[in-house]
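Colleague: Sequence and predicted structure are below.
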Amino acid sequence: MIKFEVLLDEIGHFGLAQIGIFLMLSYYRAFAAFHSLATVFIAYEPKFRCNVSGDLQEHLNLTKLEMIEEISPFDPLANQYSGCYYYPYTVENCSDVSSCINKTAPPIECNSGYHYDRSVFTETVISEFDLVCDDYYLNAIATSIYQVGNFIGSIVFGNFADRYGRKLTCVISFALALACSFGVVYSHTMSLYILFRGLTAVFAYGTAIGTYVYITEVVGVKQRAYVSVGYHIFYPMGYIFQSLIAYYWRDWHDLMLICTLVSVPLLFFCVIVPESPRWLFSTGRDEKGKKAVKLMARINGKKLDEDSWKKATTHEKLTPEKITDDRDDGKYTTLDLFKRPNMRRMTLNVMLQWFVMNLVFYGISLNTEALAGNLFVNNALNGAMEIIAYIFSISLINKVGRRISLFGGSLLASFGLLCSSLFLEVAADNETLQTLSVVFAMIGKFGSSVCNATIYTVTVELFPTVIRSNGLGIGSASSRVGGTLAAFVIALQKYIRWLPNLILGVLGIIAAGAALMLPETRGCGMLDNISEAEEFLRKGTMQKSKLLTHHSNSRDEKEEEEVINL
């Protein structure tokens, strides 16, 4: 078997080839943001009221907002005017509000459709398909279907990427995701909208797995945390840019068309990159792997000789355990994550971290509309806070480790959410308290972003190459369960405004405790097979000489023989 980790010493750990691959494939994260958080804009719920005679508004000389407040009963539980009912009214023989609108009579359910305030958006999914009142739940279902699509994609393409390669996964999945994205743009019925959103999610997550696993496999140990976090920075950059697009294009069809067109170059990027050489070597495709490495070496301005290949070639003695664990056919499935006790415990913990991380992350991100202030500014602030968190994470996960970063990020997210909810409840019309509520929500977003950056790094480092995509897939699948539930958790604020943040905060504390039970992987190279992974998890130690890159100077050679105690 050829160890790609050793070849990196010869071709460079982060040369022009790796930089190019990183920049091209990280572009996917902008596409992901355009769709994952699109509902902040395309499913924005404008103020609305029952359709009533236009003569009434003209007769009383009321603005649109005043009309909503006068004709609609106030709902104290939701702390807003209900657009689902209206008071009986007449325009005959009346001169003012009190004589034209009978507010003492029982409200009547809307029976002639709805009138929407179009001052923020000319058309949204909510206004086009009337997803309000009794049909309010359809919006939550549509958002959840997207997460269900991600769930399906993470299971299907996690296995696909380990069997057929990272590049093929990226090309096929993104081509289909792009086609479905255009389908979303031209959807004019609710059923088509849900269908194409769900299919976009299925195929887009195949691209997510392929691109992320690829970029972390072609760089050195020290650079892995940087590219991992750098990959995620493209995500908030994407939805900051989407805030700008949404500001200028206020119809949801136009908004999604621009976002889809901007994403097209990624398909070209997926086609021109070579296959991951680490995957090729791990699956016995040595000749193709050598060709890919030689191309990377040429781009990096390096040369490989026969000694380089000899140093990278290992002749490991096969034990009965290794023969059982490491298959010759290279056909691993998600079930391989649960066959060994240590691997199973670690997998379940990783799944919990992904579940809570995504539930909290989307619970904050998709609830931007509920924050005090301007929608476009708040969404951009969310993105800016996420970028700051990711930059901070680069230093954090390298200095204090992955485990403590997960622990601290979860606790910070919980603290921010609980404080935000508290200030919002007591704020009333106090602008200072409203601002503090937004500030603590941003702190919660900061903590969840730290977790988001860290869990990706932890996952690719804990699972060996032969099942790495499966490991990332099962973690992602768990996160999509959390993302699916996020829409329904947010919907609870219609009944009890502080309940969603309380649920998210408590779950964050539970995840923080579980994070301390994960092994530390800081400074460790990537595991290649299940035998190495099981030994690492069983003993809690790993030999640096097996896992870290080899260096030529004597000081690093001495360090290679140290044992990392986890």
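Modeller: In hand now; what should we look at?

Colleague: where do the helices sit along the stretch 1-150 of the chain?
Modeller: 4-11, 16-26, 28-36, 39-42, 54-60, 64-71, 97-100, 125-129, 137-164 (DSSP state H, counting those that start in this stretch).

Colleague: low pLDDT regions in this protein?
Modeller: Along the chain, the model assigns pLDDT under 70 to residues 53-54, 77-79, 315-331, 366-373, 428-429, 523-528, 535, 538-566.

Colleague: Longest helix of the chain, counting residues only.
Modeller: helix 431-462 (DSSP state H).

Colleague: Buried ones in that helix, by neighbour count?
Modeller: 433-434, 436-438, 440-462 (16 or more other CB atoms under 10 Å). In short, each C-beta sits where N, CA and C put it, glycine included.

Colleague: Now do that helix: distance to the chain's middle.
Modeller: Chain-centre distance of helix 431-462: 12 Å, with CA atoms, centre = their mean, to the nearest Å.

Colleague: for stretch 145-164, same thing?
Modeller: For stretch 145-164, the distance to the chain centre is 14 Å (CA atoms, centre = their mean).

Colleague: neighbours of Phe234, just the number please.
Modeller: Neighbour count of Phe234, defined by other CB atoms under 10 Å: 20.

Colleague: Quick check: closest non-adjacent residue to it.
Modeller: Arg29 (3.6 Å; CB to CB, 6 or more residues apart in numbering).

Colleague: And for Met67?
Modeller: According to CB to CB, 6+ apart, the nearest residue to Met67 is Gln57 (4.9 Å).

Colleague: what residues are up against the spatially closest residue to Gln493 that is not a sequence neighbour?
Modeller: With CB to CB, 6+ apart as the criterion, Gln493 has its nearest non-adjacent residue at 5.3 Å, and that residue is Pro500. Residues counted as contacts of Pro500 (CB atoms under 8 Å, 6 or more residues apart in numbering) are Gly363, Asn367, Val489, Ile490, Leu492, Gln493.

Colleague: Next step: these restricted to helices.
Modeller: Filtering the contacts of Pro500 for helices - DSSP H - leaves Gly363, Val489, Ile490.

Colleague: what about the second one, neighbour count?
Modeller: Here the neighbour count serves as a burial measure; for Val489 (other CB under 10 Å) it reads 22.

Colleague: ok, Phe4 - contacts?
Modeller: Here Phe4 is in contact with Glu217, Pro277, Arg278, Phe281, Gly289, Val293, Ala312 (criterion: CB under 8 Å, 6+ apart).

Colleague: Quick check: strands, which of the residues you listed are part of them?
Modeller: Using DSSP state E, the subset of the contacts of Phe4 located in strands is empty.

Colleague: Which single one of those is nearest to Ile391?
Modeller: When the contacts of Phe4 are compared for distance to Ile391 (CB to CB), Glu217 wins out at 23.2 Å.

Colleague: So what's the residue count around that closest one?
Modeller: 20.

Colleague: Arg197 versus Ser308, what's the distance?
Modeller: 48 Å (CB to CB, to the nearest Å).

Colleague: what do you get for Gly483?
Modeller: Taking CB to CB, one finds Gly483 at 13 Å from Arg197.

Colleague: show me the residues around Ser410 that make contact.
Modeller: Val356, Met357, Val360, Gly447, Cys451, Gly508, Ile509, Ala511, Ala512, Ala515.

Colleague: just to revisit the earlier point, among the contacts of Pro500, who's most crowded?
Modeller: Neighbour tally across the contacts of Pro500 (other CB under 10 Å): the maximum, 27 neighbours, falls on Gly363.

Colleague: who's in contact with that residue?
Modeller: Going by CB under 8 Å, 6+ apart, Gly363 touches Leu417, Ala486, Val489, Ile490, Pro500, Asn501, Leu504.

Colleague: Am I right that the last one is in contact with Leu359?
Modeller: Yes. Distance between Leu504 and Leu359: 6.6 Å, which falls inside the contact criterion (CB atoms under 8 Å).

Colleague: All good on my end, thank you.
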